[in-house]
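S.K.: here is a sequence together with a model predicted from it:
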Amino acid sequence: MLQVYTGAGKGKTTAAIGILIRAIGAGMRVYMMQFMKGLAYSEQDVLRGFAPRVVLSTTGKPFFVAKEGMLSEEERAAWGDGVVIFEPGKPPQDYVDMIAAGFDEAAREIASGKYGLAILDEVNVALFFGLLDRERVERFLDKAPKDTELVLTGRNAPDWLIERADLVTEMREVKHYYQKGVEARKGIEN
């Protein structure tokens with residue numbers, strides 16, 4: 001099955017990790033590629049501790065990317081040098097190349113047939129920013145082993161992916177403490 005976790009609310013990666021825990025508890029091997037993320041998240045040490053049953057890879061830079069017009073002036077100022085703003089349709093080529101290489105690595109690993117579950121965390125975000133193209137992802141989905149459960153996460157899942165998926169859950173933000181100025185907290189958000 002193809003599962004998609006999307007939406008503006010918190011919990012997409014958390015849901016995927018919950019499925020990962022359930023899968024390894026059932027004796028499955030799991031592959032997880034985290035797009036748009038470096039090795040800075042608290043769950044990564046724990047997930048790596050499940051090796052060799054869990055293989056975790058990441059591809060991303062230590063800064064945020066945004067299309068022109070996405071952030072308010074206040075948000076841009078708050079991000080400072082931690083954000084790279086690009087013209088819609090013209091993402092930084094080095095980031096495109098890095099995400100494509102990570103995706104190709106994930107596709108090769110998953111195609112091996114060694115995994116009962118494969119998670120492409122934040123791949124929807126890479127698609128949204130144009131860092132990864134639809135055709136590459138669709139070719140992968142067409143060739144993925146039929147006995148591997150696929151989980152794709154991230155905000156802004158494209159309509160074609162939602163249509164193709166067997167299960168889609170949209171996380172909807174009702175209220176969030178970020179709105180009160182609370183930053184990401186270690187062990188909770190990162």
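M.R.: Nice, I can see it.
S.K.: grab the nearest non-local neighbour of G116.
M.R.: M28 (3.3 Å; CB to CB, 6 or more residues apart in numbering). All C-beta spots, glycine's among them, are computed from the backbone N, C-alpha and C.
S.K.: let me see the mean pLDDT of the helix or strand containing E74.
M.R.: Following DSSP states H and E, the helix or strand that holds E74 is helix 73-79. Here helix 73-79 scores 83 as its mean pLDDT.
S.K.: what residues does it touch?
M.R.: Residues outside helix 73-79 that contact it (CB atoms under 8 Å, 6 or more residues apart in numbering): F64, L71, V83, I85.
S.K.: how many other residues sit next to the second one?
M.R.: Other residues within reach of L71 by the criterion other CB atoms under 10 Å amount to 16.
S.K.: likewise the third one?
M.R.: The tally of other residues near V83 (other CB under 10 Å) stands at 16.
S.K.: for this protein, what are the low-confidence residue spans?
M.R.: 37-42, 62-63, 178-179, 182, 185-190 (pLDDT under 70).
S.K.: need the contact list for the most centrally placed residue in the chain.
M.R.: In the chain, the residue lying closest to the centroid (CA atoms, centre = their mean) is E122, at 1.4 Å. Going by CB under 8 Å, 6+ apart, E122 touches T13, Q34, F35, M36, K37, G60, T153, G154.
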